[in-house]
Each structure stands twice: as C-alpha cells, then as structure tokens.
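[1] one predicted model, sequence on top.
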Amino acid sequence: MSINATLIGQMITFALLVWFTMKYIWPPLFDSLEERKKKIADGLAAAEKGQEQIILAEKKAIGVIKEAKEQSSEIVTLAQKRANEIVEESKDTAKKEGDRLILAAKAQIEQEIQQAKEGLRQQVAELALSAAEQILGAEIDKAKHQDIISKVSNQLG
Amino acid sequence: MASEVHAAEGATGYIIHHLTPLHFGEGFWTLHLDTLFFSAALGGLFVWFFKTAADKATSEVPGLVQNFAELLIEFVDNQVKDSFHGHSKLIAPLALTIFCWVFLWNFMDLFPVDIFPLIGSLIGIEYLRVVPSTDLNATFAMSISVFCLIIFYSIKIKGPWGFAKELMFQPFGPWLLPFNLLLKLVEEIAKPISLALRLFGNLYAGELIFILIALLPWYIQPVLSFPWAIFHILIITLQAFIFMVLTVVYLSMAHEDH
C-alpha cells in the first residue's frame, strides 16, 4: 500500500485519455448535439410558421370561395337576363316573321283573286260575246264591234 | 474459496492475498502491473466506445451507441455548466474522462472477488487486484493531475502575482500573512488528498467487505453480498460523480478572479 512509480504510469495514462477525449471525442459528439438542438428548434419554428400559413391560407380560401360564389351568382343573374332577352327577341322575330308571312300570303291571295277575276272577266266577256253572237247572228261583225265588247268586259271588271 | 496457496494462512492470508497487487520492481520503482493494466484497459474501453459514437455522430436520429454517449455528454455538460462559468475547452472533456474512467474502475468491484484472481492463478499470475481505485497510486495519480491543473489555471488566469497575493492576503488581510499562507497551503493541498483518499477509502472498504463476505459459508454469502452489491452500484456511481463534480468546482475556483 505504498506510493510508487505506478503513480507516474497512471498519470501518463490519465493525461493521454484526457487529451484523446478533448481532441477526438468531445467535439464531434457535442457538435452533433448542438446541431440537433438547432435543427429541432428550426423545425419547431418552421412548424409554427406552417401553422400560421395554414390559417392564412384558410382565410384566403374562404375569401376566394366567397368571391367565387358572388361571381357565379352574378353570372347566373346575367345569364337569366340574357335568356329572357333572347326569348323576347325570338318572340319579336317570330311575330315579325309571322306578320311578314301573313302579309305575303295576303298579297298572294290578292294576286290570285285578281287573276281569278281577270279569268272570270275574260270568260264572262266571251260568254256575253258568244251569247250576243248567237242572238244577233252574223249581224255583228266581231271586228266592227270590238270597242263595244271591250267596254262591256271592262264594266264587268 | 481461497486459493490453495494461502489456504494455510486462513482468513487473514486470504484477505491479504486479495489486497496485494501484482507488482514488479523494488522500492519507489515498483510498478503495480494489475492497476496499470486494468486502468489502461478500462480507459481503452471508454475511449473505444466514445470514439465509435463520435465517428458515427450525426445530427439526424442517433443510434443506440450515440444516444448513450450523448446522454453522458449532456449529463457532464450540465454539471460543468452548473458549477463552471468560464470558458474552457479542457474542463468538460476532462470531467467526462474522470467520470467514465472512475466509474469503470469502480465497476470492477462488482465482479465476484475471486473470479479474476482465479483466472489469474490458472495462467500463472499469483496476485491480482482488479479494482484500480483500491490502489492509492491510481487515485492519487488522478487527483495530483487535477491539482496540477488547478495550480496551472490559477497562475494562468490570475497571473503569478495575483495567485501569490491570493495565497498571502486572504482571508485575513496582509497583517496575518504567515497565517494566511499556512491556511491557504493547507486548503490547496487538502484538495488532491481529499479527492484521492475519498475515492480510495470508499472502494477499498467496499472491496474489503466483499472479501469478508466471501469468507462466510456459501449459504450466507448471497444474503449479504446481494444487498451490498446493489448498494455498491450507488456507491460506485456516486464516487465517480463526486470526483468529477469536485474537479469541476476546484477548477472553476481556480478560474475565479477575486
């Protein structure tokens, strides 16, 4: 149980161990610890930021949805208005077209009436002439009395 | 269970055999080969383990080895931060080395007292004392190294004159200079002595009790050695912790300029 040279040997070992720990063990481990601490802190900060951004985005989304709803209702209103207009317009067009068709039909009818009248007049004149011919016989010269015949046919018209 | 060589000498012989180191040389130049070997081997174990962790150190998710190493690093770092307020690259690694090394020394105490001497006797080693902290040389080597660091930092931080002034003029002022000097010298020298003897005393006594228990009949041994071993788990950790914390405290005192 005496102090002897073992002491010196132990001191050397101790010095070597401390030196090695100081140089090769403590710095990398401690640095990795610090780095991880920093990473965790950064991560937490980022998470907090993300949460804030989510809240902001939600607010923004609500705004956008509201706007979109407004816009869509506006569009629907406009479309309804436009549809009404189109209906009105088409009603107008149809009415005009109808009127036009009626007019054209009337004109055609008129024309046909005229044609029929003309035909009838012609036929009546011929009938009257043949009747008169039969009554008068050869006394009447068709060429001489042309004026009278056309007068009569005109009166018939 | 005493080896045959000392069976004839009875209990005293058994105890003495267990407390005799494997030595080599004469007088001061005696070397305790078991102390040197086991402390170096345990130091190697400590360095190997932490180097493995340090090589793989990453700030990503740590592995099992790194996790454990970081646990110790953080524990030591907190202790150092609590008591040392200066800035030093040496103190934290020093504290870690002291804590781990002393703990491993002390841990050898928990192996059954006969197992290593038995293995030793099988390969022709007659004496073997495996717990380095039961060797005054080991504990004093550490405390004297710490003492040298205390003196070195005292002079480095306060300057030679500042340190001399602290030794001469405190705590009672310049008129009681010799008395101050005496008091301060005792105070300083008490530091390494108390550090070394505290550790040595605790572990020596602990080992002695294990040896005494080993002398009892086998059916009584577990009843006594089991609670004593559990109690010793506390002791060995506590002694390693005390050595580390006191070293940090002494060094922080050396750093403080009055």
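    Good, I have the coordinates.
[2] return the residues of the stretch 101-250 of chain B in contact with chain A.
    Residues of the stretch 101-250 of chain B found near chain A (CB under 8 Å from any CB of the partner chain) are B:Trp101, B:Pro132, B:Asp135, B:Leu136, B:Asn137, B:Ala138, B:Phe140, B:Ala141, B:Met142, B:Ile144, B:Ser145. (Glycine included, C-beta is placed from N, CA and C.)
[3] tell me how far B:Thr35 lies from chain A.
    Note on B:Thr35: its distance to chain A, by CB to the nearest CB, to the nearest Å, is 6 Å.
[4] for the residue nearest the centre of chain A, give me its contacts.
    With distances taken as CA atoms, centre = their mean, A:Ala79 lies nearest the centre of chain A, 9.1 Å away. Applying CB atoms under 8 Å, 6 or more residues apart in numbering or on different chains, we find A:Ala79 in contact with no residue.
[5] and it, what's its pLDDT?
    A:Ala79 carries a pLDDT value of 95.
[6] quick check on it: phi, psi?
    Per-residue torsions, A:Ala79: phi -60, psi -40 (degrees, to the nearest 10).
[7] where does pLDDT dip in chain B?
    Filtered on pLDDT under 70, chain B yields the residue ranges B:1-9, B:257-258.
[8] please enumerate the strands of it.
    Remark: strands assigned in chain B by DSSP state E are B:23-24, B:31-32.
[9] show me what the longest helix along chain B is packed against.
    For chain B, the helix with the greatest residue count under DSSP state H is helix B:177-215. When contacts are defined as 3 or more CB pairs under 8 Å, 6 or more residues apart in numbering or on different chains; DSSP states H and E, helix B:177-215 sits against helix B:10-19, helix B:91-107, helix B:136-169, helix B:221-255.
[10] can you add distance to B:Ile115 and mean neighbour count and give these back as CSV?
    Shown next, in CSV, are these (distance: least, CB to CB, whole Å; neighbours: other CB atoms under 10 Å in any protein chain shown):
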stretch, distance to B:Ile115, mean neighbour count
helix B:10-19, 12, 16
helix B:91-107, 14, 25
helix B:136-169, 20, 19
helix B:221-255, 13, 17
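[11] so which of these gets nearest A:Gln146?
    A:Gln146 lies closest to helix B:91-107 among the helices and strands packed on helix B:177-215, at 148.7 Å (CB to CB).
[12] for that closest one, C-alpha coordinates in PDB please.
    Coordinates of each C-alpha in helix B:91-107 appear next as PDB, following Å, rounded to 0.1, in the frame of the first residue of the first chain:
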ATOM      1  CA  ILE B  91     -12.800  21.100 -18.400                       C
ATOM      2  CA  ALA B  92     -15.800  19.300 -20.000                       C
ATOM      3  CA  PRO B  93     -13.800  16.600 -21.700                       C
ATOM      4  CA  LEU B  94     -11.700  16.300 -18.500                       C
ATOM      5  CA  ALA B  95     -14.900  15.800 -16.400                       C
ATOM      6  CA  LEU B  96     -16.200  13.300 -18.900                       C
ATOM      7  CA  THR B  97     -13.000  11.300 -18.800                       C
ATOM      8  CA  ILE B  98     -12.900  11.400 -15.000                       C
ATOM      9  CA  PHE B  99     -16.500  10.300 -14.600                       C
ATOM     10  CA  CYS B 100     -16.300   7.400 -17.100                       C
ATOM     11  CA  TRP B 101     -12.900   6.200 -16.100                       C
ATOM     12  CA  VAL B 102     -13.600   6.300 -12.400                       C
ATOM     13  CA  PHE B 103     -16.900   4.600 -12.900                       C
ATOM     14  CA  LEU B 104     -15.300   1.800 -14.900                       C
ATOM     15  CA  TRP B 105     -12.600   1.400 -12.200                       C
ATOM     16  CA  ASN B 106     -15.200   1.200  -9.600                       C
ATOM     17  CA  PHE B 107     -17.400  -1.100 -11.600                       C
END
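[13] that one to helix B:221-255, inter-axis angle?
    160 degrees (axes from the mean of the first three to the mean of the last three CA atoms, to 10 degrees).
[14] for chain A, where's the lowest mean pLDDT among helices and strands?
    helix A:146-156 (a mean of 77; mean pLDDT, DSSP states H and E).
[15] picking up where we left off before, and the longest helix of chain B, how far from the chain's centre?
    Centroid separation between helix B:177-215 and its chain, computed with CA atoms, centre = their mean, to the nearest Å, is 11 Å.
[16] any buried residues in that helix, and which?
    By neighbour count on 16 or more other CB atoms under 10 Å in any protein chain shown, the buried set for helix B:177-215 is B:180, B:184, B:188, B:191-192, B:195-196, B:198-200, B:202-204, B:206-207, B:209-214.
[17] wait, what's in contact with B:Asn137?
    Taking CB under 8 Å, 6+ apart as the criterion, B:Asn137 is in contact with A:Ile3, A:Asn4, A:Thr6, A:Leu7, A:Gln10, B:His32, B:Thr35.
[18] how about a cut-off of 6 Å?
    A:Thr6, A:Leu7, A:Gln10 (CB atoms under 6 Å, 6 or more residues apart in numbering or on different chains).
[19] any idea which element the last one lies in?
    This means A:Gln10. Assessed by DSSP states H and E, A:Gln10 sits inside helix A:6-20.
[20] for that helix, which helices and strands make contact with it?
    With contacts taken as 3 or more CB pairs under 6 Å, 6 or more residues apart in numbering or on different chains; DSSP states H and E, helix A:6-20 sits against helix B:33-55, helix B:91-107, helix B:136-169.
[21] could you dump these to TSV with distance to A:Ile54?
    Below are the helices and strands packed on helix A:6-20 laid out as TSV (distance: least, CB to CB, whole Å):
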stretch	distance to A:Ile54
helix B:33-55	39
helix B:91-107	42
helix B:136-169	53
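[22] of those, which approaches A:Lys151 most closely?
    Closest to A:Lys151 of the helices and strands packed on helix A:6-20, according to CB to CB: helix B:33-55, at 140.0 Å.
[23] chain center to that closest one, what's the gap?
    14 Å.
[24] returning to that earlier point: of the helices and strands packed on helix A:6-20, which is nearest B:Ile220?
    helix B:91-107 (25.0 Å).
[25] what is the closest one packed up against?
    When contacts are defined as 3+ CB pairs under 6 Å, 6+ apart, helix B:91-107 packs onto helix A:6-20, helix B:33-55, helix B:64-83, helix B:221-255.
[26] who touches that helix?
    Helix B:91-107 is touched from outside by A:17-18, A:21-22, A:26, B:42-43, B:46, B:76-77, B:80, B:84, B:132-133, B:203, B:236, B:239-240, B:243-244, B:247-248, B:251, with contacts defined as CB under 6 Å, 6+ apart.
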